[in-house]
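1. Sequence first, then the predicted structure, then my questions.
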Number of protein chains: 2
Amino acid sequence: MVYLAGPGHGGPALVAAGYLEGTYSEVYPRVGQDERGLRQLFRQFSAPGGIPSHVSVTTPGSIHEGGELGYVLVHAFGAVMDNPDLIALAVVGDGEAETAPLEGSWKGISFLNPERDGAVLPILHLNGAKISGPTVLARKDPGEVRALLTGHGYEVIEVEGDDLPGMHHRFAAALAHAWGKIRAIQAAARGGEWDGSRPRWPLIILRTPKGWTGPESVDGVRVTGTWRSHQVPLSGVKGNEEHLRVLETWLRSYRPEELFDDDGAPTAIVRSANPDGALRMSANLHANGGLLTRDLDVPDFRDYAIAVSHPGAGRAESTRKLGELMRDLYRDNPDRFRLFCPDETNSNRLGAVFEASDRGFAERTDPDDVGISRNGRVMEVLSEHNCHGWLEGYTLTGRHGWFATYEAFAMVSASQTVQHAKWLEEAEKIPWRAKVPSLNILLTSTAWRNDHNGFSHQGPGLIQNVITQRGTVGRVYFPPDANCLLSVADHCLRSRSYLNLVVIDKQPQLQWLPIEQAIDHCARGAGVWSWAGTDDGSADPDIVLACAGDVVTMETVAAAAILREHLPHFRTRVVNVVDLMTLTRRKDHPHGMDETRFKELFTDHVDVVFAFHGYPGAVHQLVHGRPDADRFRVRGFIEEGTTTTPFDMVVRNRASRYHLVMDALNNARRTPPGASDLKAWCQQRLAEHETYVIEHLEDMPDIREWVLGDWADQG
Amino acid sequence: MVYLAGPGHGGPALVAAGYLEGTYSEVYPRVGQDERGLRQLFRQFSAPGGIPSHVSVTTPGSIHEGGELGYVLVHAFGAVMDNPDLIALAVVGDGEAETAPLEGSWKGISFLNPERDGAVLPILHLNGAKISGPTVLARKDPGEVRALLTGHGYEVIEVEGDDLPGMHHRFAAALAHAWGKIRAIQAAARGGEWDGSRPRWPLIILRTPKGWTGPESVDGVRVTGTWRSHQVPLSGVKGNEEHLRVLETWLRSYRPEELFDDDGAPTAIVRSANPDGALRMSANLHANGGLLTRDLDVPDFRDYAIAVSHPGAGRAESTRKLGELMRDLYRDNPDRFRLFCPDETNSNRLGAVFEASDRGFAERTDPDDVGISRNGRVMEVLSEHNCHGWLEGYTLTGRHGWFATYEAFAMVSASQTVQHAKWLEEAEKIPWRAKVPSLNILLTSTAWRNDHNGFSHQGPGLIQNVITQRGTVGRVYFPPDANCLLSVADHCLRSRSYLNLVVIDKQPQLQWLPIEQAIDHCARGAGVWSWAGTDDGSADPDIVLACAGDVVTMETVAAAAILREHLPHFRTRVVNVVDLMTLTRRKDHPHGMDETRFKELFTDHVDVVFAFHGYPGAVHQLVHGRPDADRFRVRGFIEEGTTTTPFDMVVRNRASRYHLVMDALNNARRTPPGASDLKAWCQQRLAEHETYVIEHLEDMPDIREWVLGDWADQG
């Protein structure tokens, strides 16, 4: 069993249990099982320089940080997928139970297969209150709570009271019953006696008073059973004799003289309750998943390459190639690879996976259904929170996977992304935590290609959040075509303990590099595309045209082509950036280019027109500190969007090929002869586009306004 | 009634209804009730330059964009709060029903008061499928679904079938029953016949086949009742004769000749179904809430000011003052102001509101409870999604409020923040949409002061997302003290259609400005604090020390004091920034300072050491394009955190007063005599801190490593 503690300030219970089991002292020898160690254990708790009051990365036996509430069940379900012998005991606090992510996660059992997956045993611990008031579930009619969880599909077992030792016995009986029920379900399923319907998994509702066994009242005010016992029930122990007396009485009520010997070590009566070695929940190997991680059997990604005779030779849906690679990952790794996606696997062109696996679904299927069954392992649920959280639980227990989602809606689970990055950042510092497979996020259906949806579907915001993570963890990739995507994906699948954000569109797009060139390009992270520019390296270019992101790469190559055609002697250098973090200084990120390399690409004085997939500010902040960073003029998504064509999108956001040409000429080191003619030509092209849009749309005046808006200052 | 359409691609139904009711043509005269208008209506649908396939800002009668799924119920509940006569009919699609935000929002009725609030009538429309597969709720046993919703507290009414006109009659009966039930609950509550218990509000489950009344099968494959009818059931109408025939048969099955006259206008039979004027759901004034908005009765914020005899004279919990202002807003505006907060109102020092209003709660309350009752109007639910969404619904229907939350956990609802900003940005362009009260977000319990929690509670990420919103909508404020907070809050409360992000800590903090100075400072958005520096304006300063954010402002003032004491002839200018967007160029944001003002504060060539509350990159990207932006050296939160003291936090993130002094000396225009002594002194202070931390923590070796890490390059 692995134990996941949802309740935030319930953390001390897990730390204490790990200490009593001996694990804590094994991983932190300074917190030994003696008086000095006990003192250390107490002093570090929720104190500066110590550990937080919730479970965290520092807690042995945990894969779940209790800081931000709501994710205990998604982590539990992710942990047991493809782990048939694991039971995840997940305690849900009644505060946490009010959060949306938690409420959305009960349905994990609708996706669990008792043959192949382990089980989650949720314990809904209703102690009645959160920080400063009662909770919804604690104050609802108990029959309603039972109906709610029965409706989610569980067999509800209830334990309530405050009598001791009666409660211990009743709770032990409940656990035994639940365990028996789980094993019976699994035995039937694994013994061929299963009708295929979704089992009614057990769930325990535990009702105890908040602050149970603590001081009943303080200063004449009731504490036990109320929100007043949250965190600090006795605030005046330093100056108030009575408080100190209450504290002592309270702590002595646990009879420490029976539990600890004269040296402060747990006595035999305590130690005898501990199982051995990895059976201790605080030493469960699944909670240090790096120890159980086996490399993926990754097929040679070159086998999926697209033949590219010359740059821009043809169009292809790049993500289809990744789908084919994933299909074979499913075939070759039936126990340790999964794709998690909110109902968009086909939409995202990853549908080849269905040749190897159905969607997993434990509820009823119909004869008309396609590619969905209880045996499926492609995880589709229309919930970014579930997808992201399941993958977190899956990777933290040592398995591999991807979360693929629409770019804009990656913000739905942005907080999970940030919190998981924090977990990985802190785990890096803890020697006993082994590295785990990276969390790989594929963003597709991007801002630039949402012809039928529109503004709500156009938002590259998650990039803004990932670039601020520590260099030890955060990575952002913009493969410009299928072969680069394959190379990047291969790298991500082999990496450990990173957060890899990969951004690429799903629509047919121009292909640029043959596979060997793609590999070399991705390994460097950024490079000059000499075939695209006119820069022969013999002298400084007049302008550097840089790009990161597929659509803007196309615009950049087109801009360079226009310049080459109209002004053949104008020296244009085209730089494509796959690995965004190469732009930063190496002191800020390990992928940062050294100064020499940076100058090779961008010089240290020539202006750079940078077409970027996301918000321009992302690049502005990354190049800060580079030589003369002011010369970077970034075009990108400036929050202009609607239901429109990709080309109209780049026009609206002033990142079209014509804008880039004008930017290049306006910022070049020298003004070539013919520059003003070419600028006029670009303006003409844009005017034609505008005319086309207006005619096409007839008399929609707002469109006209949008297209014309702010045109004047384009100069 | 106001209608909120949850299902994404269910949008056309609402557009069509608005058109048939005549509203659409009233607000878009080009889409008239004639053949040309019909053509326009059809052509614009889900086409470039047109409208998205979901309900959007452009849809009259809507306050809910169906693009990002999950928020239909939170918007509905927010809309009916303090709107006793409004019923929000909220259709939940069974795809949307899988999202976490939606699952977390059924419990809105646990916070609704039938005396004072209106009602939400949810219609869970289970048509069985989402984009490419079945849904959980559609495939669960109907008894389980009933149990689930009964458990949430609803009276479940079920309508199922595909027979016509039988379904129309049965659904009409269900609506009538639900309406009668709602009115009965309200009549009892308002007539004094209510026992105070939470009513069992009605909810309708509607089960119809997906694609109902569309083509049953296409190319021999079943379409109706399956995911294949999602979006485009007939893909080949342009080239496939059979598809075209099926399309014609399908559309003719609605008997258009009875519904439209020869000019294409709806016939009397259609028009007779429409109610008049604002009773048409598409013309509901609540869905254009700016028309109903009444200014808040805002007390004079000067009355809450803290007396400040001189800068730094004393400490105060600044947010307490805002709490007092809010208390009086509650008293003076009992029908149109609410605070929404995830169980942290007291923790965030806003507890004065409880002098004017309890927390609102419709479930059982106990005698031991404090400040919570069914009559309360302070909204505490441990769900950022509910808080944010309720406030959105509340403001979009013309009322005022704040969402107050822990800074790090603002990322939980970041996607809602972004999507609401998009709504406001687009609404700005639509002449018939009146401006609504701003969405005000207070971030407190910030990254710099989380002594007892730690790294999971330290994340200023939302700033990264708000600064990328359009200048018409996004605003970010860092009031450095209570009086500035009052001035900023007053401005936010009076503003319209903005997204106001206000960031300030809740702990006791130094107070800097008397109220009149604070007002002037906030009106300018940024200013020189001449009392803090040594710059007399007679010449360029040697360095500019800038700051935005309370903790880093304290460090900056301290750094300036150290410099003044040790090097009195070193010219230091201190600039405090309250309104972050003043840093941008005016072409990028209307708050951007003009060049003259920018130079007055920052010069155009003196280096600037900028201490920032959030990630340094935020400032780097905002000052891009300003004269010699490279000279801005920004210190801020660089993702270093743990359970520790505020001072240790600024040390870890290299933003302490000592770091700022060394930065100032390293980047000053001239090296003053004594500079190296002062730098050595600073290093000594930091070494003492390190020693103190290490001694205090005895033998925790990892702490030592953290404090010492990367120290070498501070040189």
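-> That came in fine, so what should we check first?
2. Pull the residues that contact stretch A:595-611.
-> A:526-528, A:540-549, A:552-553, A:555-556, A:573, A:575, A:593, A:616, A:619, A:626-628, A:631-636, A:655, A:660, A:663-664, A:667-669 (C-beta atoms under 8 Å, 6 or more residues apart in numbering or on different chains). The C-beta positions use only the backbone N, C-alpha and C, and glycine is treated the same way.
3. rerun that using 7 Å as the cut-off
-> Contact partners of stretch A:595-611, identified using C-beta atoms under 7 Å, 6 or more residues apart in numbering or on different chains, comprise A:526, A:528, A:540-541, A:543-547, A:552, A:555-556, A:575, A:619, A:626-628, A:631-635, A:655, A:660, A:663-664, A:667-669.
4. and what of stretch A:268-284?
-> Under C-beta under 7 Å, 6+ apart, the answer for stretch A:268-284 is A:1-3, A:17-18, A:20-24, A:60-61, A:258-259, A:285.
5. Any of the contacts of stretch A:595-611 buried? List them.
-> Neighbour counting by 16 or more other C-beta atoms under 10 Å in any protein chain shown classes A:526, A:528, A:541, A:543-547, A:552, A:555-556, A:575, A:619, A:626, A:628, A:631-635, A:655, A:660, A:663-664, A:667-668 among the contacts of stretch A:595-611 as buried.
6. Out of the residues you listed, which sit inside strands?
-> A:Ala526, A:Val528, A:Ile543, A:Val544, A:Leu545, A:Ala546, A:Cys547, A:Val575, A:Phe632, A:Arg633, A:Val634, A:Arg635 (DSSP state E).
7. Return the mean pLDDT over stretch A:646-664, rounded to an integer.
-> In this model, stretch A:646-664 has a mean pLDDT of 95.
8. Go back to the contacts of stretch A:595-611 and keep what's next to chain B.
-> By C-beta under 7 Å from any C-beta of the partner chain, the members of those lying near chain B are A:Asp628.
9. What are the boundaries of the helices in the stretch 601-715 of chain A?
-> A:616-623, A:646-652, A:657-667, A:675-696, A:701-708 (DSSP state H, counting those that start in this stretch).
10. Make a markdown table out of those helices and add distance to B:Phe403.
-> Converted to a markdown table, those look like this (distance: least, C-beta to C-beta, whole Å):
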| stretch | distance to B:Phe403 |
| --- | --- |
| helix A:616-623 | 25 |
| helix A:646-652 | 31 |
| helix A:657-667 | 38 |
| helix A:675-696 | 38 |
| helix A:701-708 | 31 |
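11. what's the most buried one of these?
-> A comparison of the helices of the stretch 601-715 of chain A by mean neighbour count, using mean count of other C-beta atoms under 10 Å in any protein chain shown, puts helix A:616-623 on top with a mean of 27.
12. between that helix and strand A:543-548, how big is the angle?
-> 110 degrees (axes from the mean of the first three to the mean of the last three C-alpha atoms, to 10 degrees).
13. Tell me which stretches of the stretch 151-300 of chain A form strands.
-> A:155-160, A:202-207, A:217-218, A:221-222 (DSSP state E, counting those that start in this stretch).
14. The last one pairs with which strands, and in what direction?
-> Strands flanking strand A:221-222 in the sheet, each with its direction: strand A:217-218 (antiparallel) (DSSP bridges).
15. Check the average confidence over the strand it pairs with, would you?
-> Strand A:217-218 shows an average pLDDT of 92 in the prediction.
16. Show me the contact partners of it.
-> For strand A:217-218, using C-beta under 7 Å, 6+ apart, the contacting residues are A:Val223, A:Pro233, A:Leu234, A:Val246.
17. Now do it: distance to the chain's middle.
-> Distance of strand A:217-218 from the chain centroid (C-alpha atoms, centre = their mean, to the nearest Å) equals 44 Å.
18. same check, this time on stretch A:21-39
-> Distance, centroid of stretch A:21-39 to centroid of chain: 33 Å (C-alpha atoms, centre = their mean).
19. Give the rounded mean pLDDT of it.
-> On average, stretch A:21-39 scores 94.
20. Show me the longest helix that occurs in chain A.
-> helix A:166-190 (DSSP state H).
21. on that earlier part again, show me which of the strands of the stretch 151-300 of chain A has the highest average neighbour count.
-> For those, where neighbours mean mean count of other C-beta under 10 Å, the stretch averaging the most is strand A:202-207, with a mean of 22.
22. elements contacting that strand?
-> Contacts defined by 3 or more C-beta pairs under 7 Å, 6 or more residues apart in numbering or on different chains; DSSP states H and E place strand A:202-207 against strand A:119-126, strand A:155-160, helix A:166-190.
23. Comparing the ones you listed, which comes out most buried?
-> Buried most deeply of the helices and strands packed on strand A:202-207, by mean count of other C-beta under 10 Å, is strand A:119-126, with a mean of 25.
24. avg pLDDT for the helix or strand following that one?
-> The C-terminal neighbour of strand A:119-126 among helices and strands, as given by DSSP states H and E, is helix A:136-139. Mean pLDDT, taken over the full extent of helix A:136-139, equals 97.
25. Can you dump the C-alpha atoms of helix A:136-139 in CSV for me?
-> Below are the C-alpha coordinates for helix A:136-139, written out as CSV (Å, rounded to 0.1, in the frame of the first residue of the first chain):
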residue,chain,number,x,y,z
VAL,A,136,-20.3,21.3,2.9
LEU,A,137,-20.0,17.5,3.1
ALA,A,138,-19.8,17.6,6.9
ARG,A,139,-23.1,19.5,7.2
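26. Could you check the pLDDT of A:Ser132?
-> Per-residue confidence (pLDDT) for A:Ser132: 84.
27. give me every residue that touches it.
-> A:Trp227, B:Asp343, B:Asn346.
28. Excluding residues flanking it in the chain, which one is nearest the last one?
-> The reference is to B:Asn346. A:Ser132 (5.0 Å; C-beta to C-beta, 6 or more residues apart in numbering or on different chains).
29. how near is the one you found to B:Phe77?
-> 22 Å (C-beta to C-beta, to the nearest Å).
30. now A:Phe602
-> The gap separating A:Phe602 from B:Phe77 is 52 Å, by C-beta to C-beta.
31. Check A:Cys682 too.
-> A:Cys682 is 51 Å from B:Phe77, by C-beta to C-beta.
32. Could you do A:Pro215 as well?
-> The gap separating A:Pro215 from B:Phe77 is 38 Å, by C-beta to C-beta.
33. between these two, who's got more neighbours?
-> It is B:Phe77, of A:Pro215 and B:Phe77, that has more neighbours when counted by other C-beta atoms under 10 Å in any protein chain shown, with 29 against 19.
34. Around A:Asn274, how many other residues sit close by?
-> 18.
35. What are the neighbouring residues in contact with A:Ala478?
-> Careful, residue A:478 is Phe and not Ala. Counted by C-beta under 7 Å, 6+ apart, A:Phe478 has contacts A:Val503, A:Ala548, A:Gly549, A:Val577, A:Val578, A:Leu580, A:His613.
36. swap that for A:Val412, please
-> When contacts are counted by C-beta under 7 Å, 6+ apart, A:Val412 touches A:Glu384, A:His385, B:Glu68, B:Ser415.
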